[in-house]
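Colleague: need coordinates for the following:
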Amino acid sequence: MKKAIIFASFGCSIKESRQTYIETIENAVKSKFENIDCFSVFTSEIIRKKIYREENIFIDNMESCLNKLKDENYSHVYILSSHIIPGFEYEKIINKVDECKNDFAEIKVSRTFLDDGMGEKEVSAVKSYIKSGLGEDEAVVLVGHGSDHEAHKYYKQFEELLNSDCRNIFIINVEGDTYMDEVSTKMQEMNVKKAYIYPFMVVAGDHAINDIASDEEDSIKSYFEEKGFYAEAFITGLGNNKKTIELFVNRIADIM
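Modeller: Numbers count the residues shown, from 1 in each chain. Here you go, the predicted model:
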């Protein structure tokens, strides 16, 4: 019986961010399952092509990695998805696994960070990542990637879970339904003066640096400043948060 773990992420074209977030989770998985071979794939073809073009580094997608494992006679394959929601990128994994299911004795995929089973563990991980002890005039704004996929609904459902014992944590998105106007209006009604903005993403890459935290007039930080809030944006990601890493490691253990 020959086992393999695949760590599947959207990917990131910024080398330092890959090392800080993606490789940190990978190393935690390797440390936990030191007798099992671990592989990495990126689901974004745009990111894969950009890295190959700019760094001459080839990174597998699901198809190439699974073909490699089949050729090398792996029998049991366990895939850890670091995607926040079970959207289009996660479906790429599921669809490819379905195509290859007869090539292995066992092949399984972990849950995403948010899904129907989300609860206290996910809430605890995120709350350990953001500013605690918020005053009545302060709020945390988590910025997700967002999607036109129906799984986009999990962002708002998770916001409700985060606020089970408070009322000043909000989730908005870069794409899809952003909720930005809705959230800023609610914050004004609550007399919030300060907004602490965090990427709700595993990796702090281009979105975190440019779309969220930059001083450009179309950034999310600038949007909240324009609305009259003091806005502080953090360039960080869930991928180097201790509780998030533990959660991902346990996701693999759950399917083995």
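
Colleague: which residue is the nearest non-sequential neighbour of Lys92?
Modeller: If the residues on either side of it in the chain are set aside, Lys92 comes closest to Thr43, at 5.1 Å by CB to CB, 6 or more residues apart in numbering. In this view, the C-beta of every residue, glycine as well, is placed from N, C-alpha and C.

Colleague: what residues are up against that neighbour?
Modeller: Shown in contact with Thr43 (CB atoms under 8 Å, 6 or more residues apart in numbering): Ala8, Ser9, Phe10, Gly11, Asn61, Met62, His83, Glu89, Lys92, Ile93.

Colleague: what would those residues look like in TSV with secondary structure, distance to Tyr21 and neighbour count?
Modeller: Rendered in TSV, the data for these read as follows (DSSP: H, G, I helix; E, B strand; the rest coil; distance: CB to CB, whole Å; neighbours: other CB atoms under 10 Å):
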residue	secondary structure	distance to Tyr21	neighbour count
Ala8	strand	14	26
Ser9	strand	9	25
Phe10	coil	11	21
Gly11	coil	11	23
Asn61	coil	19	18
Met62	helix	20	22
His83	coil	13	24
Glu89	helix	16	23
Lys92	helix	20	19
Ile93	helix	19	23
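
Colleague: hang on, Phe58 in a helix?
Modeller: No. Looking at Phe58 with DSSP: H, G, I helix; E, B strand; the rest coil, it is coil, so not inside a helix.

Colleague: was I right to think it contacts Phe42?
Modeller: No. With contacts defined as CB atoms under 8 Å, Phe58 does not count as touching Phe42, sitting 10.5 Å away.

Colleague: which one's more surrounded, those two?
Modeller: Neighbours per residue, other CB atoms under 10 Å: of Phe58 and Phe42, the larger number sits with Phe42, 24 against 9.

Colleague: quick check: neighbours shared by Phe58 and Phe42?
Modeller: Shared contacts of Phe58 and Phe42 (CB under 8 Å, 6+ apart): Arg48.

Colleague: now Gly146: closest residue in space that isn't a chain neighbour?
Modeller: That would be Asn173: by CB to CB, 6+ apart, it lies 2.9 Å from Gly146.

Colleague: give me the element Ile79 is part of.
Modeller: In this assignment (DSSP states H and E), Ile79 forms part of strand 76-81.

Colleague: show me how far that strand is from its chain's centre.
Modeller: 17 Å (CA atoms, centre = their mean, to the nearest Å).

Colleague: count of neighbours near Ile14?
Modeller: A count of nearby residues for Ile14, using other CB under 10 Å, gives 17.
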